[in-house]
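> quick one: sequence and predicted model below, then my questions.
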Amino acid sequence: MNVFQLVQDRFRQAIVKIDGVEQNAPAPLARSSRPEFGEYQFNGAMALAKMLKSNPRQIATQIVELVNLDDVAESLDIAGPGFINVKLKPEWLSEQVAASLTSESLGVEKEQAKTVVVDLSSPNLAKEMHVGHLRSTIIGDAVANVIEFLGHKVIRQNHMGDWGTQFGMLIAHLQDKLQASEVATTALSDLEDFYRQAKIRFDEEEGFADRARQYVVKLQGGDPECETLWKKFIDVSIQHSEEVYEKLNVNLKRSDIMGESAYNPMLPGVVADLKEQGIVVEDQGAQVVFLEELANKDGEPAVYIVEKSGGGYLYSTTDLAAMKYRSFDLNADRIIIFTDARQAFHFKQAELVGRKGGLIKDETSYEHGPFGMMLGQDGKPFKTRTGGTIKLVDLLDESVERAGKLLAERDSDLSAEEQQEVARKVGIGAIKYADLSKNRTTDYIFNWDTMLSFEGDTAPYLQYAYTRIKSIFRKSGVDAESLNADLKITEAQEKALAVKLLQFNEAILTVSVNSTPHVLCSYLYELSSSFMSFYEACPMLKEGVAEDVKLSRLAISLLTAKTLKKGLDLLGIETMERM
RNA sequence: GUCCCGGUAACUCAGCUGGAUAGAGUGUCUCCCUCCUAAGGAGAAAGCCGCAGGUUCGAAUCCUGCUCGGGACGCCA
């Protein structure tokens, strides 16, 4: 049930009945800022009054008379300059909560299915995944999950960096290692180290650089030996990534990989195509597109290079090929690409070129979901003490270890194995939540203490809120599966919780439309605090609580637990029964 | 130089298409353990929303200028 939409639709139907109001007049509805203003407020009376040259409060009165919310609202009050405050009916809320409880999707309405391509993670296979890949991976995963949950067909595309000149030196180095009878997996057990070694040889060893460059050419020419080496290399590197995905609890499979190399065969065609259309021209030996749309004040257009003067292709060419493949071959209605904010200009250009050159269908939307950097406590890019990049695996392992220590400080009746499992879920969840709960577009400051805290807006708090409800059920002896209660909402906190529960749909929708998981995070946090307040005010298992009241409240608690679990699940954060 | 993103409480951050007294969390202070695991709850103090103009019934939100920080801007991705 999308309450917001329902109420808005009712208001929309009402205002068009007023003389002089157009069919598509805006119907500005908002969630109320304060409880005394009800749950929703309609703010359209002021604008309409102005348009109709009338008195806002008079228009508001007219709207209240016209709007049909009898089944949903218990009162509609006009306040201030002409706000219409909507107070929802407890009986109606009860019905909706009950319906959500029996609904597979917890009351979230499916949308008309579209095909959505989500480009996420996309690590460079020459090196190991580092903290810079965290955001693309988990934000992309969360958004993909949410869109999928709404009933769309999501195609994940892991645009891995498996191509480029650096692979020349890497496979040359690998060849020597293998000849020294090393096995690929051991030689490549530490990719960072391997890369460093290869780079040193490239810079210092006589003849190695030439050999590396030769290998690049051979590789591009399809030389079988080089290709075998290259495949070996990326295979091991992909395995590294898969370990990270596994640890991260991210839904990415081998079949989601569509690396840069996969687009190689399409690149000449893309350029030739654009050239034929006269979009691409030669300039300083390179094949470029001039974009007048992005010209500066002196009229100098922006330049987008699709082929180097030497004749090689670039990431810009690959991105165009990917765009075409996704729009035409994968039939995407929507393409969302999660990369860091520095590439915003590049994708803006890419879209312009693609649209001009017909590399994307008009009806396919092309969205770049930029995100900021992870910063250290000092506000500078997050690095090791010595200034090196932090491996993602190390970061995750450290988090689990820290979580384990914090958990060990508390009393627990869990076994050692269970505790370890909890530590894993808490540690990983904390890192993910700390990231996902922040606005995607800005940089954020990484802090172990605040993200692993069991207090405040953190994953551990949400996970704990979930286990609390599970614990209540264990204590109650009521079986959640067979719970069939008559819902009755009486207390203010009960009503607030019910409303919050029904707003799950709104939160999910916002995440889907704007690709902003933090909206779901704050929703879940608000839901948890709503539940805590409800729990304080509305006893269930206390002596003297009537059976029907107890069951009704347990039912609301059950939906809370289910919603929390589902929400966290969509964010890629695991829950547990006890902690 | 041009363009993009940001500047909100001591700290970390929300604030959706302009709406009522700008909200959370942390930290500080006060109170509450005979329903779950106090890993909790209730409350208080805390803000020239970077600055200055403008638009209007109404601006943190829109427009302009400035300022500070980050980033991008032809053969890296």
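Thanks, I have it.
> hey, where'd the helices end up in the stretch 101-250 of chain A?
Counting by DSSP state H, counting those that start in this stretch, the stretch 101-250 of chain A has helices at residues A:134-149, A:166-179, A:184-187, A:191-204, A:208-220, A:224-248.
> what about the fifth one, distance to the chain center?
Right, the one you point to is helix A:208-220. 39 Å (C-alpha atoms, centre = their mean, to the nearest Å).
> for that helix, packing partners?
helix A:166-179, helix A:191-204, helix A:224-248 (3 or more C-beta pairs under 8 Å, 6 or more residues apart in numbering; DSSP states H and E). Every residue, glycine included, has its C-beta placed from N, CA and C.
> how much space separates the residue of chain A most remote from its centre from A:Glu246?
Within chain A, A:Glu206 marks the point farthest from the mean C-alpha position, 47.4 Å out by C-alpha atoms, centre = their mean. According to C-beta to C-beta, to the nearest Å, A:Glu206 and A:Glu246 sit 42 Å apart.
> likewise A:Ile469?
In this view, A:Ile469 and A:Glu246 are 28 Å apart by C-beta to C-beta.
> that older thread, and the helices of the stretch 101-250 of chain A: which comes nearest A:Gly544?
Of all those, helix A:134-149 sits nearest to A:Gly544, with 40.7 Å by C-beta to C-beta.
> ok, that closest one near RNA strand B or not?
No: remark: helix A:134-149 sits outside contact range of RNA strand B, by C-beta under 7 Å from any atom of the strand, the gap being at least 11.1 Å.
> between helix A:224-248 and that helix, find me the angle.
70 degrees (axes from the mean of the first three to the mean of the last three C-alpha atoms, to 10 degrees).
> now do the helices in the stretch 351-500 of chain A.
Ranges of helices within the stretch 351-500 of chain A are A:392-408, A:416-436, A:448-452, A:459-476, A:492-502, based on DSSP H, counting those that start in this stretch.
> of all those, which one is nearest A:Ser94?
helix A:492-502 (7.3 Å).
> how distant is the closest one from the center of its chain?
26 Å.
> for it, the averaged confidence score.
Averaging pLDDT along helix A:492-502 yields 95.
> got a list of contacts for it?
A:1, A:3, A:35, A:39, A:88, A:90, A:93-94, A:96-97, A:100, A:107, A:489, A:526-527, A:530-531, A:533-534, A:536-538, A:553, A:556, A:559-560, A:563 (C-beta atoms under 8 Å, 6 or more residues apart in numbering).
> could you export it as PDB, CA atoms only?
Once non-C-alpha atoms are left out, helix A:492-502 reads as follows in PDB (Å, rounded to 0.1, in the frame of the first residue of the first chain):
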ATOM      1  CA  ALA A 492      -0.500   7.000  19.900                       C
ATOM      2  CA  GLN A 493       2.800   5.100  19.700                       C
ATOM      3  CA  GLU A 494       0.900   2.200  18.200                       C
ATOM      4  CA  LYS A 495      -0.500   4.400  15.500                       C
ATOM      5  CA  ALA A 496       2.800   6.000  14.800                       C
ATOM      6  CA  LEU A 497       4.400   2.600  14.300                       C
ATOM      7  CA  ALA A 498       1.600   1.400  12.000                       C
ATOM      8  CA  VAL A 499       2.000   4.500   9.900                       C
ATOM      9  CA  LYS A 500       5.700   4.000   9.800                       C
ATOM     10  CA  LEU A 501       5.200   0.400   8.700                       C
ATOM     11  CA  LEU A 502       3.000   1.500   5.900                       C
END
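> quick one: buried residues of that helix?
A:493-502 (16 or more other C-beta atoms under 10 Å).
> can you report how many residues lie near the residue nearest to A:Asn85 when sequence neighbours are not counted?
Distances taken as C-beta to C-beta, 6 or more residues apart in numbering place A:Gly38 nearest to A:Asn85, at 4.1 Å, with adjacent residues excluded. Per other C-beta atoms under 10 Å, the neighbour tally for A:Gly38 reads 22.
> same check, this time on A:Ile200
With other C-beta under 10 Å as criterion, A:Ile200 counts 12.
> please apply the same query to the one 5 residues further on.
Around A:Glu205 there are 13 other residues, counting by other C-beta under 10 Å.
> just A:Val549 next, same as before
If we define neighbours as other C-beta under 10 Å, then A:Val549 has 18 of them.
> sec struct for it, please.
helix (DSSP: H, G, I helix; E, B strand; the rest coil).
> next up, the contacts around it.
A:Val549 neighbours (C-beta under 8 Å, 6+ apart): A:488, A:540.
> how about stretch A:471-488 and RNA strand B, touching?
Yes: counting by C-beta under 7 Å from any atom of the strand, RNA strand B is contacted by stretch A:471-488 at A:471-472, A:475.
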